[in-house]
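Asks: mind folding the following:
(one chain, ligands or ions: 1)
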Amino acid sequence: MWAELLPMGRSSASGGYRRFAWTGVDLECRAWFKAQAEARGLAYEVDRNGNQWAWLGDPAAGDAVVTGSHLDSVPDGGAFDGPLGVVSSFAALDELRARRVAFTKPLAVVNFGDEEGARFGLACVGSRLTAGRLSVEDAHKLTDGDGTSLPRAMETAGYDPDAIGADPERLSRIGAFVELHVEQGRALDLSGDRVGIASAIWPHGRWRFDFRGEANHAGTTRLVDRRDPMLSYAETVLAARREAELAGAVATFGKIAVEPNGVNAIPSLVRGWLDSRAEDQDSLDRVVDGIERAAREYAAAHGIDLDVVRESFTPVVEFDHALRDELARILGKQTDITVPVLGTGAGHDAGILSGSIPTAMLFVRNPTGVSHSPAEFATEDDCVAGVIALADVLEGLACS
Ligand SMILES: [Zn+2]
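Replies: Residues are numbered from 1 along each chain as shown. You can find the predicted model right below:
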């Protein structure tokens, strides 16, 4: 499976993957999923939002156990984020068949569409639509960098954009969703474990900081006469690092826009975007409040006007405690060791669905912690350990 997926959408220049929703490469990945389903004699279907499903047993029976992830990528993404979950799902099913287990519940493998949001700017579109967390109206407004709308892109790819919308009936037939994912951090590497269980997805948000000063000549304006917003911005970047370190959180200014953006002009405006995430809401509030307070002090000292706008926010996602404990019990019984339970700063389809159905996640060790990059990696042994852990979990959930 891995060998078939590896060449799809790989850039020869960067070595990274460009598997964007509803493009030709996405359709190649989707054809691969369908072929995997059919090769195993699973019932293949596409839901109204373009998510792909492969069923063992009758979905209408209810209380289904579902596993899977996504096949799309960020620009120049790695090979593991998404595909590892889908490949492991099919491999875990093969493992269960080899064990000759008797399924008492329907089981499905799913590929959620457009998880990364690389093309239309919104993550988890497939699962958001299904869970009713994205309205049809808002979905229709999504456009890519070339001005192609989401409905147009779906139509071009041979899918029906008029069908999209919430799918509570489908979700009501699912008893548990388990997503296996490569870890996007180094917690497992540091603890020396191959596999971990997710506790929660950290709350996170994006804030826009507008520092306004006065444009002037870079050669003739005396330093003391300047109102240079770049200085306040630079000090704020350092404050973000300091506040995040104090709270054990993360804070990043990763995007900046400067006006007039001339090499020989003092800027009139520096607009910086802050992304911050923390283990809990209190820590996140403390970090962002601290950064904003520092920014206001620096701005006042330099005669700079400052506006801070929160552009997006996602509260903490606690995975279902009963399901999480069940996973820990199943894996603990098999391995005789305690499987670590860890939080994550990254969003996932499992996080979106957790508002509607019991969801859980398994993480597979990533030795460098790097993800969303061609350097993203997991060893073959760890991937196999992930498959076995997933098979154990599915057996525990769907065969008892
Ligand atoms: Zn992912």
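
Asks: mind checking the SS state of the residue lying farthest from the centre of the chain?
Replies: Summary for the chain: using Cα atoms, centre = their mean, the residue whose C-alpha lies farthest from the chain's mean C-alpha position is residue 220, with a distance of 48.2 Å. Secondary structure of residue 220, reduced to three states by DSSP: H, G, I helix; E, B strand; the rest coil: coil.

Asks: can you tell me how far it is from the ion?
Replies: With the distance defined as Cβ to the ion, to the nearest Å, residue 220 ends up 52 Å from the ion. Any C-beta I mention is one placed from the backbone N, CA and C, and that applies to glycine too.

Asks: also residue 225?
Replies: To the ion, residue 225 is 50 Å away according to Cβ to the ion.

Asks: for residue 304, same thing?
Replies: 39 Å.

Asks: how many neighbouring residues does the nearest residue to residue 143 once chain neighbours are set aside have?
Replies: Setting aside the residues directly before and after it, residue 143 is nearest to residue 149 in space (Cβ to Cβ, 6 or more residues apart in numbering), at 5.0 Å. The number of residues packed around residue 149, counting by other Cβ atoms under 10 Å, is 16.

Asks: so residue 149 makes contact with residue 142?
Replies: Yes - under the criterion of Cβ atoms under 8 Å, residue 149 is in contact with residue 142, at a separation of 6.8 Å.

Asks: follow-up on the earlier one: contacts only, for the residue nearest to residue 143.
Replies: Shown here is residue 149, whose contacts under the criterion Cβ atoms under 8 Å, 6 or more residues apart in numbering are 140-143.

Asks: and the residue of the stretch 251-400 of the chain found nearest the ion, how many neighbours?
Replies: Closest contact between the stretch 251-400 of the chain and the ion, by Cβ to the ion, is at residue 348 (5.9 Å). Residue 348: 27 surrounding residues under other Cβ under 10 Å.

Asks: now the residue in the stretch 151-300 of the chain positioned nearest to the ion, nearest residue through space, not along the chain?
Replies: Here the residue of the stretch 151-300 of the chain nearest the ion is residue 181; by Cβ to the ion that distance is 5.6 Å. Across the structure, with Cβ to Cβ, 6+ apart as the measure, the residue nearest residue 181 apart from its sequence neighbours is residue 85 (5.4 Å).

Asks: is the ion contacted by the strand or helix carrying that neighbour?
Replies: For residue 85, the host element (DSSP states H and E) is helix 83-98. No - Helix 83-98 stays out of contact with the ion when judged by Cβ under 5 Å from the ion, the minimum separation being 7.3 Å.

Asks: now do the helix or strand harbouring residue 343: which elements does it pack against?
Replies: For residue 343, the host element (DSSP H and E) is strand 341-344. Contact partners of strand 341-344 among helices and strands, from 3 or more Cβ pairs under 8 Å, 6 or more residues apart in numbering; DSSP states H and E: strand 195-201, strand 359-364.

Asks: give me the mean pLDDT for that strand.
Replies: Per-residue pLDDT values over strand 341-344 give a mean of 89.

Asks: that strand: what's the following helix or strand?
Replies: If you walk from strand 341-344 toward the C-terminus, the next helix or strand you reach (DSSP H and E) is helix 349-353.

Asks: re earlier: am I right that the residue of the stretch 151-300 of the chain closest to the ion falls within a strand?
Replies: Yes - according to three-state DSSP, the state of residue 181 is that of a strand.

Asks: assess the claim that it and residue 363 are in contact.
Replies: Yes - counting by Cβ under 8 Å, residue 363 is a contact partner of residue 181 at 5.9 Å.
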